[in-house]
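Asks: Curious how this folds, go ahead:
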Amino acid sequence: MPSLPPTEQRNPDTLTIDQLGTFELLELINDQDATVPAAVRAALPQLAELVDTALAVLRAGRRIHYYGAGTSGRIALGDAVELGPTYGVGPETVIAHLAGGPGARGTAREDAEDHAPDEHPEDAPVGGDLVIGVTAGGRTPYVAAALREARSIGAATALLSGDPAAPLAPLADLHIALDTGPEVVTGSTRMKAGTAQKLALNAFSTALMVRSGRTWSNLMIAASARNAKLRERAVRTLVTACQVPPETAAEVLAACADETPTALVTLVTGATPAAARAALAAHHGHPWAAVRALNRQS
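Replies: Numbers count the residues shown, from 1 in each chain. A predicted model of the protein is given here:
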């Protein structure tokens with residue numbers, strides 16, 4: 001019988017969990033949860049390498065794909081979906097593939113993890129893309145099939161798992177192991193393993209967006225401004241970033257076709273919207289690089 005991954009082993013610290021009072025039970029769960037950040041921190045060198053790989057992929061005009069089943073797949077899906085409203089990244093840039101398809105988003109489809117991905121051609125990875133498999137146990141067949149296919153077409157591959165000795169690690173160029181150990185309830189990977197996956201994916205995608213120039217300091221500048229509410233938020237961002245009156249910020253934003261990064265570079269440098277837009281395009285959308293380039297020209 002093959003050895004169990006750490007996430008499926010029995011936790012010796014929680015054997016009496018069903019005999020505890022409510023507060024003691026919650027205290028025990030909290031104590032176990034407190035070990036998760038350290039597991040993520042231990043994997044930061046590999047996570048940093050993944051961010052740099054993903055940055056190169058995006059700059060080459062390619063895409064990032066998450067593949068996961070069950071809890072892992074839904075956590076990956078949530079991370080990808082939130083990049084749109086937060087950073088203006090469309091679903092064509094970071095694509096989440098969930099075993100069982102859209103129907104598995106709200107209803108568990110545990111049988112689906114045993115099958116290879118069945119994808120629409122426009123969603124399937126191509127050479128030069130980055131495929132990231134997300135699996136607590138590091139052995140999900142759905143993820144294995146995705147990684148094998150990715151390798152066969154020349155895509156970069158990574159595995160995010162909860163097992164340092166994950167059987168799928170040889171299929172990945174990079175393995176990010178989040179060693180959270182046995183769960184409070186044996187095999188319930190929506191707990192520590194899931195929390196670690198969420199922390200790691202949030203950190204990965206946030207760092208990737210920052211390195212891609214989608215923030216100015218710690219302000220979001222790439223979110224859509226396509227309705228009144230979002231336009232007001234963009235104006236507030238420009239007021240804070242550029243120290244200008246709201247009226248000026250709104251006027252420049254309108255002149256820049258509601259493109260917040262273009263408006264920001266215009267306000268900071270005094271360049272025309274066209275020049276600001278061209279400088280951003282020439283520097284992979286990074287506002288600081290665009291500002292420095294325009295200031296050198298003046």
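Asks: low-scoring stretches of this protein, by residue?
Replies: 1-2, 101-122, 224 (pLDDT under 70).
Asks: again, only using 50
Replies: Along the chain, the model assigns pLDDT under 50 to residues 1, 105-106, 108-109, 111-114.
Asks: Which stretches in the stretch 101-250 of the chain count as strands?
Replies: Secondary structure of the stretch 101-250 of the chain by DSSP state E, counting those that start in this stretch: the strands cover 130-135, 156-161, 174-177, 215-216, 219-220.
Asks: Any chance of CSV for those, columns distance to Ala234 and mean neighbour count?
Replies: Yep, even glycine has a C-beta here, placed from its N, CA and C like the rest. Shown next, in CSV, are the strands of the stretch 101-250 of the chain (distance: least, CB to CB, whole Å; neighbours: other CB atoms under 10 Å):
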stretch, distance to Ala234, mean neighbour count
strand 130-135, 30, 29
strand 156-161, 33, 27
strand 174-177, 34, 22
strand 215-216, 12, 21
strand 219-220, 9, 15
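Asks: and of the ones you listed, who's closest to Leu267?
Replies: Nearest to Leu267, of all these, is strand 215-216, at 10.6 Å by CB to CB.
Asks: show me what contacts the residue nearest to Met220 when sequence neighbours are not counted?
Replies: Once flanking residues are discounted, Met220 sits nearest to Thr86: 6.2 Å by CB to CB, 6 or more residues apart in numbering. Shown in contact with Thr86 (CB atoms under 8 Å, 6 or more residues apart in numbering): Met209, Met220, Ala223.
Asks: Which residues lie in contact with the first one in this structure?
Replies: Read it as Met209. Contact analysis of Met209 by CB under 8 Å, 6+ apart lists Leu83, Thr86, Tyr87, Val89, Thr215, Ala222.
Asks: List the contacts of the third one.
Replies: For Tyr87, the contact set (CB under 8 Å, 6+ apart) comprises Met209, Arg214, Met220, Ala222, Ala223.
Asks: Please report phi then psi for it.
Replies: Here the main-chain torsion angles of Tyr87 (degrees, to the nearest 10) amount to phi -130, psi 10.
Asks: Wait, Thr14 touches Asp31, no?
Replies: No: assessed by CB atoms under 8 Å, Thr14 is found out of contact with Asp31, at 9.6 Å.
Asks: so how many other residues sit close to the residue nearest to Ala289 when sequence neighbours are not counted?
Replies: Take Ala289 and drop its neighbours on the chain: the residue closest to it by CB to CB, 6+ apart is His283, 3.7 Å away. Counted by other CB atoms under 10 Å, the residues lying close to His283 total 18.
Asks: Enumerate every residue touching His283.
Replies: Gly213, Ala289, Ala290, Ala293.
Asks: if we go to 7 Å?
Replies: Applying CB atoms under 7 Å, 6 or more residues apart in numbering, we find His283 in contact with Ala289, Ala290, Ala293.
Asks: I'd assumed Ala279 was in contact with the last one.
Replies: Yes: the criterion here is CB atoms under 7 Å, and Ala293 meets it with Ala279 at 5.2 Å.
Asks: So for the two, which residue has more residues nearby?
Replies: Neighbour count, other CB under 10 Å: between Ala293 and Ala279, Ala279 has more, with 23 against 19.
Asks: Disregarding flanking residues, what is the spatial nearest neighbour of that one?
Replies: Using CB to CB, 6+ apart and skipping the chain neighbours, the partner closest in space to Ala279 is Ala290 (3.8 Å).
Asks: This protein: helices as residue ranges?
Replies: Listed in chain order, the helices of the chain (DSSP state H) span 22-33, 36-42, 44-59, 70-87, 141-152, 192-211, 228-242, 246-255, 260-269, 273-282, 287-297.
Asks: thinking again about what came up before, and the contacts of Thr86 as JSON lines, adding distance to Leu47?
Replies: JSON lines is the format used below for the contacts of Thr86 (distance: CB to CB, whole Å):
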{"residue": "Met209", "distance to Leu47": "14"}
{"residue": "Met220", "distance to Leu47": "22"}
{"residue": "Ala223", "distance to Leu47": "24"}
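Asks: Nearest to Ala166 among those residues?
Replies: The nearest member of the contacts of Thr86 to Ala166, counting by CB to CB, is Met209 at 27.1 Å.
Asks: Distance check, the closest one against Leu253.
Replies: According to CB to CB, to the nearest Å, Met209 and Leu253 sit 21 Å apart.
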